[in-house]
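Undergrad: structure for this input, please:
(2 chains)
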Amino acid sequence: MCALMQALPGFRDFYPEDCARRNHVIETWRSVSRRYGFLEFDGPVLESTDLYRKKNEEGAEILEQLYSFADRGGREVALRPEMTPTLARMVAAREKHYRKPMKWFCVSNFFRHERQQKGRLREFLQFNADIIGESSPQADAEIIALAVDLMRAFGFTAEHFVVRLSDRKAWMEFLQSRGCDEAACRTVLACADKLEREPAEKLNAKLAPTGLVVDDLKAFIAAGSPGAFAPVLEALAARGLSGFVQPDLSIVRGLAYYTGVVFEIFDRSKSLRALAGGGRYDGLIKGLSDGAIDLPAIGFGMGDVVLGHLINETPSASEKLKAALAQTSDVYVIIADESRRAEALQIVQTCRELGLSTDFSLRPAKIGKQFQEAEHLGACHAVLVGQEWPQVKLKHLATRSEEAIDHAALVPNLKNIKLR
RNA sequence: GUGGUCGUAGCUCAAUGGCAGAGCUCCAGGUUGUGGUCCUGGAUGUUGCGGGUUCGAGUCCCGUCGAUCACCCCA
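TA: Okay, the predicted model is just below:
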């Protein structure tokens, strides 16, 4: 295969069947978000590189993965690697215009220059939802409930996924009680993030300057700090969603800007990466706007890549996808007599104006061929135009029942088709 | 950035160092105007690319590009 014939590493081609899958995902994200009263927004794919520098610490992973370059005017720009900075920028600029709390979502493509592997690409689609201007646990519960219902809408149940819920504030209170300063806190959280992956000795070495050891962290996690989650869990229980959520202080998340509740969604078998992740970032908008705008916020992201893997692995979700893809066309117009092509085109046009998905053969073809094509497209009805004009035959393909009717009487019949 | 595995038809994959193949897809037929199955026929390859070893390389060796998985991090 010639190099120019394939997409760049980590980038995808979307053939019709791939687009259909993607549309199913996007439409599910949108419909559930609207059900929750979220409004859709979007921003530019290209942003000033400084926007990302400002939000993240020097040397942060996400900055290393930036697709950044100087544009023709010499301006430093970058393809967006995430939505939150853009959202914060947009909110800060027009904050006064919108009633609080603002419930916004977006479905956008993002770019990160990293080595691709299972569940990781260089361009991916991500759903983001955020509630801005409400700091109560009710908002935390609302955003988590949305995440849960998104997963359910894809066909997943409590046996397929779990929301692991944690709270940065509980961690900070614990660490302050142990006399940790800001730098020490950062070290401890980084180690907590790796408890499952790195050996205890290695972590203890890292923890040495903080005065804590691995067992202290484990003890804190085991204790569970139940008070921290109570209000959120109550609100979720009232919605009947308790079974999807599991308090788990071992979740701390890598990003530095989280200030309160954090959560991640995993598949139950834990064979995949996180399906979604997010949390409360009450200081971010203030920081980005140099203190001008101070709004609490909570949000999360859900990517299409890992989600796609889990859908493939989960029968109930695959079925749902399959059903969504099985879009059949409504009418196939068969031109039995080529000299009636003009009349047939008229019928095609009428069908389409009625909103029916309608197709026909662009070139002369045998009747059998045309029926085959109608079948292949999954058409519900065939309209046969031929010698008997001004009569046409309307055939229901599934039952093979056929009736001859005047072409003028076709329209009322077609209206019925639409209802099925 | 580090390491492992793998590159053969549009897709999924065969072929002990010895004639590059199968299934699916696609195209064309199967008697004058009726479809899913079925039958027949057909098309498609510089075996990722470049070198080397050999009488002979898809197969062995080196390089390169790409894919993939793991580490890292996260959607």
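
Undergrad: which pLDDT value does the model give the residue most central in space within chain A?
TA: With distances taken as C-alpha atoms, centre = their mean, A:Phe127 lies nearest the centre of chain A, 3.4 Å away. You'll see A:Phe127 listed with a pLDDT of 96.

Undergrad: contacts only, for A:Leu410.
TA: A:Ile347, A:Thr350, A:Val383, A:Val392, A:Leu394 (C-beta atoms under 8 Å, 6 or more residues apart in numbering). (C-beta placed from N, C-alpha, C; glycine too.)

Undergrad: and the first one, how many neighbours does it have?
TA: It stands for A:Ile347. 22 (other C-beta atoms under 10 Å).

Undergrad: then the helix or strand harbouring it to CSV, C-alphas only?
TA: Per DSSP states H and E, A:Ile347 falls inside helix A:341-353. Extracted as CSV, the C-alpha positions of helix A:341-353 are listed here (Å, rounded to 0.1, in the frame of the first residue of the first chain):
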residue,chain,number,x,y,z
ARG,A,341,-38.2,7.1,-17.0
ALA,A,342,-39.6,10.6,-16.9
GLU,A,343,-42.8,9.5,-15.1
ALA,A,344,-40.7,7.4,-12.7
LEU,A,345,-38.5,10.4,-11.9
GLN,A,346,-41.6,12.4,-11.1
ILE,A,347,-42.6,9.7,-8.6
VAL,A,348,-39.2,9.6,-7.1
GLN,A,349,-39.3,13.4,-6.6
THR,A,350,-42.8,13.2,-5.1
CYS,A,351,-41.6,10.5,-2.6
ARG,A,352,-38.6,12.5,-1.6
GLU,A,353,-40.7,15.6,-1.1
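
Undergrad: out of the contacts of A:Leu410, which one sits closest to A:Thr328?
TA: A:Val383 (15.4 Å; C-beta to C-beta).

Undergrad: now A:Arg80: how far from RNA strand B?
TA: Relative to RNA strand B, A:Arg80 is positioned 12 Å away (C-beta to the nearest atom of the strand, to the nearest Å).

Undergrad: which residue packs closest to the closest residue to RNA strand B within the stretch 51-200 of chain A, ignoring adjacent ones?
TA: The nearest approach of the stretch 51-200 of chain A to RNA strand B comes at A:Lys118, 2.9 Å away (C-beta to the nearest atom of the strand). Computed as C-beta to C-beta, 6 or more residues apart in numbering, the closest residue to A:Lys118 that is not its neighbour in sequence is A:His309, at 7.1 Å.

Undergrad: is it true that that neighbour touches A:Leu121?
TA: No - the pair A:His309 / A:Leu121 is not scored as a contact, 11.6 Å apart, by C-beta atoms under 8 Å.

Undergrad: looking at the two, which is more packed in?
TA: A count of neighbours by other C-beta under 10 Å puts A:Leu121 above the other of A:His309 and A:Leu121, at 20 against 16.

Undergrad: residues touching the closest residue in space to the more buried one that isn't next to it in sequence, list them.
TA: Leaving aside its sequence neighbours, A:Leu121 sits nearest to A:Gly10 (C-beta to C-beta, 6+ apart; 4.7 Å). A:Gly10 makes contact with A:Glu114, A:Gln116, A:Leu121, A:Arg122, A:Glu123, according to C-beta under 8 Å, 6+ apart.

Undergrad: these: which ones sit near RNA strand B?
TA: A:Glu114, A:Gln116, A:Leu121 (C-beta under 7 Å from any atom of the strand).

Undergrad: so which of those residues comes closest to A:Lys103?
TA: A:Leu121 (28.6 Å).

Undergrad: tell me how far the closest one lies from A:Arg112.
TA: Per C-beta to C-beta, to the nearest Å, A:Leu121 is found 9 Å from A:Arg112.

Undergrad: so what sits against both of these two?
TA: Joint contacts of A:Leu121 and A:Arg112 (C-beta under 8 Å, 6+ apart) do not exist.

Undergrad: many thanks, I have nothing further to ask.
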